[in-house]
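Chemist: What shape does this take:
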Amino acid sequence: MLNCAEELILLAIDDESGAFYRMTNVNFNLALVGALLMDLALRNRLDADLSHIYVIDKTPTGDPYLDQILLTISSPDASGDTATLVRQLYNNLELLRDKLLKSLEEKGVIRVTESKVLWLFKQRRYPVIDNREEKEVLSRIRETVTTDVIPEPKDVVLISLLYTCDLMDKIFTKEELHKHQKRIEIIQKMDLISHAVNRIIGEVQVMINSAFIT
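Modeler: Alright, predicted model coming up:
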């Protein structure tokens, strides 16, 4: 089973080239941190009020990346302030994207390849080996947007992150986005995810919009 961040990575990779779509690295890496926090909130490990995140259950999830974050934010030295905590996690989780890519490789979902361009510059690609997981995620997201199905909380989170990272046009055509714009707006406002997740989404969106890390 993939966590939210791993699913977000799959949706951000161009199937034809095996490379990531063009996007701002800071924005996407922040979104990955937010995705992991949201996953913990959806698993009832976190709660939040207007400005703080609280650990309500320290029981490990079995996912190494989620448990690493859970351990970090359970520390007495961790800030409870949502914005500060997201920044701290962003700065402390070194090479998070590479680690998540390695996890996907170990799960047999992608293959990590490396070549040189003009014999000088390294170029990495991440072709999908077994696209079952990717198809499953894409199917869920497309069904959620294009039909009246009641969305799963995890898919509301992913759609919010995809929208924030400007990746929706990589999944839907311009015509589809125009046709279903009202549906997308409704999904983003749906009260299907926890209060904590809504707070985290808000903080991540603010940080992505400002693209400022301290």
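Chemist: Give the residue spans of this structure that score low on pLDDT.
Modeler: 50, 115-123, 191-198, 210-214 (pLDDT under 70).
Chemist: So which residues of it form helices?
Modeler: For the chain, the helices defined by DSSP state H cover 4-11, 25-42, 64-74, 82-92, 96-106, 132-146, 153-164, 174-179, 181-189, 195-210.
Chemist: Show me which parts of the fourth one are buried, residue by residue.
Modeler: Looking back up the chat, that one is helix 82-92. In terms of neighbour count (16 or more other CB atoms under 10 Å), helix 82-92 has its buried residues at T82, A83, T84, L85, V86, R87, Q88, L89, Y90. For glycine as for every other residue, the C-beta is placed from the backbone atoms N, C-alpha and C.
Chemist: Now render the residues you listed as JSON lines, adding distance to K174.
Modeler: Shown next, in JSON lines, are the buried residues of helix 82-92 (distance: CB to CB, whole Å):
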{"residue": "T82", "distance to K174": "34"}
{"residue": "A83", "distance to K174": "34"}
{"residue": "T84", "distance to K174": "38"}
{"residue": "L85", "distance to K174": "37"}
{"residue": "V86", "distance to K174": "32"}
{"residue": "R87", "distance to K174": "34"}
{"residue": "Q88", "distance to K174": "38"}
{"residue": "L89", "distance to K174": "35"}
{"residue": "Y90", "distance to K174": "32"}
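Chemist: rewinding a little: among the helices of the chain, which is nearest R125?
Modeler: Set against R125 and scored by CB to CB, the helices of the chain come closest in helix 96-106, at 10.9 Å.
Chemist: Farthest pair within the buried residues of helix 82-92?
Modeler: T82 and Y90 (12.5 Å).
Chemist: can the helices of the chain go into a markdown table with extra columns for distance to H52?
Modeler: Converted to a markdown table, the helices of the chain look like this (distance: least, CB to CB, whole Å):
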| stretch | distance to H52 |
| --- | --- |
| helix 4-11 | 21 |
| helix 25-42 | 13 |
| helix 64-74 | 11 |
| helix 82-92 | 6 |
| helix 96-106 | 23 |
| helix 132-146 | 30 |
| helix 153-164 | 20 |
| helix 174-179 | 35 |
| helix 181-189 | 23 |
| helix 195-210 | 9 |
